[in-house]
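Undergrad: model this:
(one chain, ligands or ions: 1)
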Amino acid sequence: MRAEWLDLPVAREVIASVAEGLAARYRVEPDTARREVERIFSANRELEKALRGAACARDVERLRVFKEAEKALRKELYYDLRRYRGEKSALSDLAGRLRAANDPETRGQMVEAILAAHASTRERLLHRSRFIGILAAWSTSARTFLDVGCGVAPLLLAREAPWCRAAAYTALDRDAQAIDCVAAFAESHGLDWLKARTWTLNEDWPEEDARYDMAFLLKLVPVIHRQERDLLDVLGRVPAHRLIISGSREALAKRGSIERRERAVLRSFAERTGLTCIAEEETGDEILMLLERTPHSVVEM
Ligand SMILES: C[S@@+](CC[C@H](N)C(=O)[O-])C[C@H]1O[C@@H](n2cnc3c(N)ncnc32)[C@H](O)[C@@H]1O
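TA: Predicted structure coming up:
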């Protein structure tokens, strides 16, 4: 239940000002920011006491208890927004509901819910036709696809990029719940050409993986660059003749463009791994590059 003291004039002023600051700095809507501020502040008894006794917002805003509460709130929101996906259990629940769905309409709703539950695909949905158009121009002649760090993107591609149904599409990710969603999608739609497997990059490439015509490394290179830079060379040995790599134009959490930084990371990956960039495009949320393994860039596999 909502605490009544949150409606005291001073509390309302403080909450509105904190929420406004958060919405300006982070990619969160003002209403969501306000709800988060109220949720966190209402559990803070010391802050409640300070707000009840204050004559104006400034009296509270200079107190340590307020500054600490605001800092904790920023930290929590930042880490929350940076996660690829929301509730830990949401994707498993949705995978279960997709398996249980027995009519096309419910299946369609579950697929849309899964796409929206993962930040990488959620952002892409607004620009999906341009995204699919670029992939079409670059990969329609491919027959075998390897999607590395796939998240739930194979659901979008299997539905909207018909040429990806060509012969074989292998989807790999360390996130077991994302893989479960891809597997549930393949099962519920009877797609035997789509295989999903839990796998992590530090296992290197499975021996049995033949060379693929096309590898998708969508929004993956910048993540590996940030988190496991040593593994970029493994990524460069992906068993595929051509690769589509991509990065984001905006950060998941903070407002502002990260396009220059992501583009530089993608270019340095191509350079470091000796892959040749043969095309570059962008959508509203994503920078995409098509790389090719030339005779000089062939790495022992
Ligand atoms: C930014 S998301 C992109 C998801 C998807 N490719 C897309 O564009 O919609 C990065 C994905 O890479 C996966 N990932 C990150 N590091 C990984 C690793 N070392 N091995 C396997 N998967 C990894 C994450 O689990 C996550 O699903």
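
Undergrad: hey, let's count contacts and neighbours off CA atoms from now on
TA: OK.

Undergrad: now G236, nearest residue through space, not along the chain?
TA: Spatial nearest neighbour of G236, chain neighbours left out: T273 (5.3 Å); criterion: Cα to Cα, 6 or more residues apart in numbering.

Undergrad: quickly list the domain ranges of this protein.
TA: 4-82, 90-297 (automatic domain parsing).

Undergrad: can you list these in a markdown table and add distance to the ligand?
TA: Below are these laid out as a markdown table (distance: least, Cα to the nearest ligand atom, whole Å):
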| stretch | distance to the ligand |
| --- | --- |
| domain 4-82 | 10 |
| domain 90-297 | 3 |
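
Undergrad: buried deepest among those domains, which one?
TA: domain 90-297 (a mean of 18; mean count of other Cα atoms under 10 Å).

Undergrad: average pLDDT for that one, rounded please.
TA: In this model, domain 90-297 has an average pLDDT of 93.

Undergrad: for the remainder of this discussion, apply numbering that starts at 53.
TA: With 53 as the first residue, the last one maps to domain 142-349.

Undergrad: now do that domain: distance to the chain's middle.
TA: Put simply, domain 142-349 sits 11 Å off its chain's centre (Cα atoms, centre = their mean, to the nearest Å).

Undergrad: return the list of helices and strands in contact with the helix or strand hosting V62.
TA: Applying DSSP states H and E as the criterion places V62 in helix 61-77. If contacts are counted by 3 or more Cα pairs under 8 Å, 6 or more residues apart in numbering; DSSP states H and E, helix 61-77 sits against helix 82-93, helix 97-105, helix 109-113.

Undergrad: turn those into CSV, columns for mean pLDDT and distance to G242.
TA: Formatted as CSV, the helices and strands packed on helix 61-77 follow (pLDDT from 0 to 100; distance: least, Cα to Cα, whole Å):
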stretch, mean pLDDT, distance to G242
helix 82-93, 91, 39
helix 97-105, 93, 54
helix 109-113, 92, 58
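
Undergrad: what about E157, helix or strand, and which?
TA: Using DSSP H and E, E157 sits in helix 156-169.

Undergrad: and K306, backbone torsions?
TA: phi -80, psi 150 (degrees, to the nearest 10).

Undergrad: over to the one 4 residues further on?
TA: Backbone torsions of I310, given as degrees, to the nearest 10, read phi -120, psi 20.

Undergrad: who's in contact with it?
TA: Contact partners of I310, counting by Cα atoms under 8 Å, 6 or more residues apart in numbering, are S300, R301, E302, A303.

Undergrad: in strands only, show me the residues you listed.
TA: Secondary structure from DSSP state E places S300 of those in strands.
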